[in-house]
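>>> No letters, just coordinates:
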């Protein structure tokens, strides 16, 4: 029952982000996509807190909406934030940093990807297959006209990124060989 309720809520969210609600479309020009990596040995890292329990607590993201997150392994996760006023979407790559006395997890920010636009059609980690196998590190951007109601899977992928646990960076990758499964398909 919980899975059904979660699926219904997720479907409502994804349907609400359909292309008719889109305010800005991502450009095909990859120069508009910006990666921000914080080197833990830099002066900037010492002056900035990059360990957090909630990404919205970081000053850079205090005006954002949290669209959700996912674990890609026991020690690594992602968060997706959106800032309506700046019309930007943020992909955050985190590493588990520990737990507080109450058992709440903390995360170390490893890398951030800024994408122009909000209400984007995102194929989340855990739903993207590379050469027939689910690859938990890959997230994709789908076209504005993505049919979330009647499509079981998507092969028309605009852009793709890997949350690389070895390099601890978000890297753009080729879309060749990628298929995004629609986990909302056939939910009534």
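Great, that's in hand. Keep in mind it's a predicted model, so treat the numbers as computed, not measured.

>>> where are the low-confidence patches of this structure?
1-49, 186-188 (pLDDT under 70).

>>> all strands in it, in order from the N-terminus.
With DSSP state E as the criterion, the chain has strands at 34-37, 51-52, 65-71, 76-83, 88-99, 105-116, 122-123, 128-130, 133-134, 138-141, 153-154, 159-164, 169-173, 178-181.

>>> Next, the angle strand 159-164 makes with the third one.
Comparing the axes of strand 65-71 and strand 159-164 via axes from the mean of the first three to the mean of the last three C-alpha atoms, to 10 degrees yields an angle of 60 degrees.

>>> any idea how far strand 65-71 is from the chain center?
Distance of strand 65-71 from its chain centroid, counting by C-alpha atoms, centre = their mean, to the nearest Å, is 7 Å.

>>> what helices or strands is it leaning on?
When contacts are defined as 3 or more C-beta pairs under 8 Å, 6 or more residues apart in numbering; DSSP states H and E, strand 65-71 packs onto strand 76-83. The way it works is simple: take the backbone N, C-alpha and C, and place the C-beta from them, glycine included.

>>> Same check on the fourth one?
Judged by 3+ C-beta pairs under 8 Å, 6+ apart, the packing partners of strand 76-83 are strand 65-71, strand 88-99.

>>> out of these, deepest packed?
strand 88-99 (a mean of 19; mean count of other C-beta atoms under 10 Å).

>>> That strand - contacts with which helices or strands?
For strand 88-99, the packing partners by 3+ C-beta pairs under 8 Å, 6+ apart are strand 76-83, strand 105-116, strand 159-164, strand 169-173.

>>> Partner strands of that strand and their direction?
Note on strand 88-99: by DSSP bridges, its sheet partners are strand 76-83 (antiparallel), strand 105-116 (antiparallel).

>>> now these as JSON lines including mean neighbour count and distance to residue 57?
Formatted as JSON lines, the strands paired with strand 88-99 follow (neighbours: other C-beta atoms under 10 Å; distance: least, C-beta to C-beta, whole Å):
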{"stretch": "strand 76-83", "mean neighbour count": "21", "distance to residue 57": "12"}
{"stretch": "strand 105-116", "mean neighbour count": "19", "distance to residue 57": "11"}
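
>>> Mind putting the ones you listed into JSON lines with distance to residue 138?
Shown next, in JSON lines, are those (distance: least, C-beta to C-beta, whole Å):
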{"stretch": "strand 76-83", "distance to residue 138": "11"}
{"stretch": "strand 105-116", "distance to residue 138": "13"}
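
>>> And these: which comes nearest residue 153?
The closest of the strands paired with strand 88-99 to residue 153 is strand 76-83. By C-beta to C-beta, the value is 20.9 Å.
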